[in-house]
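Asker: model the structure of this input:
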Amino acid sequence: MKLSELNIEQRTGLTRYIMNTLDDWGLSNDQCWALLDLPGKRSGKSLRRFRDNAPFPDEKQVNMRIDHLYGIIEALRTTYPRNQNMGSQWMRKPNRKFQKTSPLSIIVNDGMSGLVRVRLHLDCTYAWAVTDDENVY
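Answerer: I've put the predicted structure just below:
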């Protein structure tokens, strides 16, 4: 999915979907700001706009992060199709693959590289595509 090609309604719906997922994962406002690398003033009021009816800005850095987040969310949805709560639990539990650190900690603390690491772990089709294209970010 090319985020820059979405119309305003689609982008607004995707923004709400991402924000609802980040809320389900238990991220604080500061963690959301850091993870999404959003431009502008960092305030709870600004994030509330994204939760309600404003789309994320159409900027390259934001689009790349949203693309990886969406890939992670969809991979969790297909991994746990019968229980939506399992994806949130998996994100918060320590994982051997990540040296007993939770995937959520990886993406919050490591930013873009953390998003890519977690997505590579969850999404084999993305991992295959990356082996064909060395430009991961």
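Asker: residues touching Arg65, list them.
Answerer: Neighbour list for Arg65: Leu35, Leu36, Asp37, Met112, Leu115 [criterion: C-beta atoms under 8 Å, 6 or more residues apart in numbering]. To be clear about C-beta, it is placed using only N, CA and C from the backbone, and glycine gets the same treatment.
Asker: pick the one among these closest to Ser28.
Answerer: The shortest distance between Ser28 and any of the contacts of Arg65, using C-beta to C-beta, involves Leu35 and amounts to 10.3 Å.
Asker: setting aside sequence neighbours, what's the nearest residue to that closest one?
Answerer: Val108 (5.7 Å; C-beta to C-beta, 6 or more residues apart in numbering).
Asker: could you pull up the mean pLDDT of whatever helix or strand the one you found lives in?
Answerer: Taking DSSP states H and E as the criterion, the element that holds Val108 is helix 103-122. Per-residue confidence for helix 103-122 averages out to 94 on the pLDDT scale.
Asker: ditto for stretch 76-89
Answerer: So the average pLDDT for stretch 76-89 ends up being 91.
Asker: for the most centrally placed residue in the chain, list the residues it contacts.
Answerer: Among the residues of the chain, Leu69 comes closest to the average C-alpha position under C-alpha atoms, centre = their mean, at 2.1 Å. By C-beta under 8 Å, 6+ apart, Leu69 lies in contact with Ile18, Thr21, Leu22, Leu35, Leu115.
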